[in-house]
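Visitor: Predicted coordinates and the sequence they were generated for:
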Amino acid sequence: MKPFTSANHIMLGTMGFVVLSALSGCQSAPEEKTAEEKAAEAKNKFLVVEQLTNGKYVIVEEMPTEGPSRAIIRSKDENGTVHERVLTEAEMKEMADQEYKKMESGQSELNGEPHSEGMGLAGTILAAAGGALLGNMIGNALMNNANVRKHQDMSNRSAYHRSASGMSTPASSSTQKKSFFGNSAAKSTSSSSSFGG
């Protein structure tokens, strides 16, 4: 009887393994984007800003956009009717620039600690999109300012901001555990009975 493995079989198996290894190694890894490319992609912002009953503003939606930066401003009148207006990128830049000048002179609410949720409209625009509107240097200066970050966190309710800043949302910080099948992990009571007697 002839042995099942011969030198030729071993050599073919080894060659096949080497070729497969080489081919799997040739798959290119996804290209890493540079910091500049990432910043350029997410530079422009689309915001939905809502006016609170106290007259302050909060961001309810924020997302990066390929088009120009813009914002929708929502407010309610005394009858509860919702009104929306659109701010163009030029209007947003003007507001952000004025607020940044006030901040440099120490007259902006962004200079102090936040006292309640929301800010004035110009402060909200500057805190959310200052880098996109006024350039990276100003954006970096704003992000390095602890008071600006606190105001931004207090006035930005958007899921995008929460995920970008690493903050957990109330839904994800729930302490109630779920079972494998989606039910709440609660104790179940069962009674045992004996059969036949």
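Guide: Received the coordinates, thanks. Numbering: from 1, shown residues only.

Visitor: All the helices of the chain, residue numbers only.
Guide: For the chain, the helices defined by DSSP state H cover 7-26, 35-41, 89-104, 121-134, 136-143, 146-155, 159-165.

Visitor: Select from those helices the stretch with the lowest mean pLDDT.
Guide: Confidence, taken as mean pLDDT, is least for helix 35-41 of the helices of the chain (a mean of 48).

Visitor: For residue 126, the count of nearby residues, please.
Guide: Number of residues near residue 126 (other Cβ atoms under 10 Å) recorded here: 30. Just so you know, the C-beta spots here come from the backbone N, C-alpha and C atoms, and that holds for glycine as well.

Visitor: got a list of what it touches?
Guide: Residues near residue 126 by Cβ atoms under 8 Å, 6 or more residues apart in numbering: 95, 96, 99, 100, 103, 110, 133, 142.

Visitor: Roughly how far does it sit from residue 81?
Guide: 29 Å (Cβ to Cβ, to the nearest Å).

Visitor: Return the closest of the contacts of residue 126 with respect to residue 72.
Guide: Closest to residue 72 out of those is residue 95 (14.4 Å), distances taken as Cβ to Cβ.

Visitor: quick one, what contacts that closest one?
Guide: Residues near residue 95 by Cβ under 8 Å, 6+ apart: 87, 121, 122, 125, 126.

Visitor: let's see 6 Å
Guide: Neighbouring residues of residue 95 by Cβ atoms under 6 Å, 6 or more residues apart in numbering: 122, 125.

Visitor: what do you get for residue 100?
Guide: Residue 100 touches residue 126, counting by Cβ under 6 Å, 6+ apart.

Visitor: and the gap between it and residue 111?
Guide: Separation of residue 100 from residue 111 (Cβ to Cβ): 11 Å.

Visitor: ok, back up a step: make CSV from the contacts of residue 126 and add distance to residue 74 to it.
Guide: Below are the contacts of residue 126 laid out as CSV (distance: Cβ to Cβ, whole Å):
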residue, distance to residue 74
95, 16
96, 19
99, 20
100, 24
103, 25
110, 22
133, 20
142, 24
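
Visitor: Now, of these, which are buried?
Guide: Neighbour counting with 16 or more other Cβ atoms under 10 Å marks 95, 96, 99, 100, 103, 110, 133, 142 as buried within the contacts of residue 126.

Visitor: Check the separation of the first and last residues in stretch 52-70.
Guide: Terminal residues of stretch 52-70 lie 20 Å apart, using Cα to Cα, to the nearest Å.

Visitor: same question, stretch 102-114
Guide: Stretch 102-114 has an end-to-end distance of 16 Å (Cα to Cα).

Visitor: ok, now stretch 155-163?
Guide: Stretch 155-163 end-to-end distance (Cα to Cα) = 15 Å.

Visitor: just stretch 60-70 next, same as before
Guide: Per Cα to Cα, the first residue of stretch 60-70 is 14 Å away from its last.
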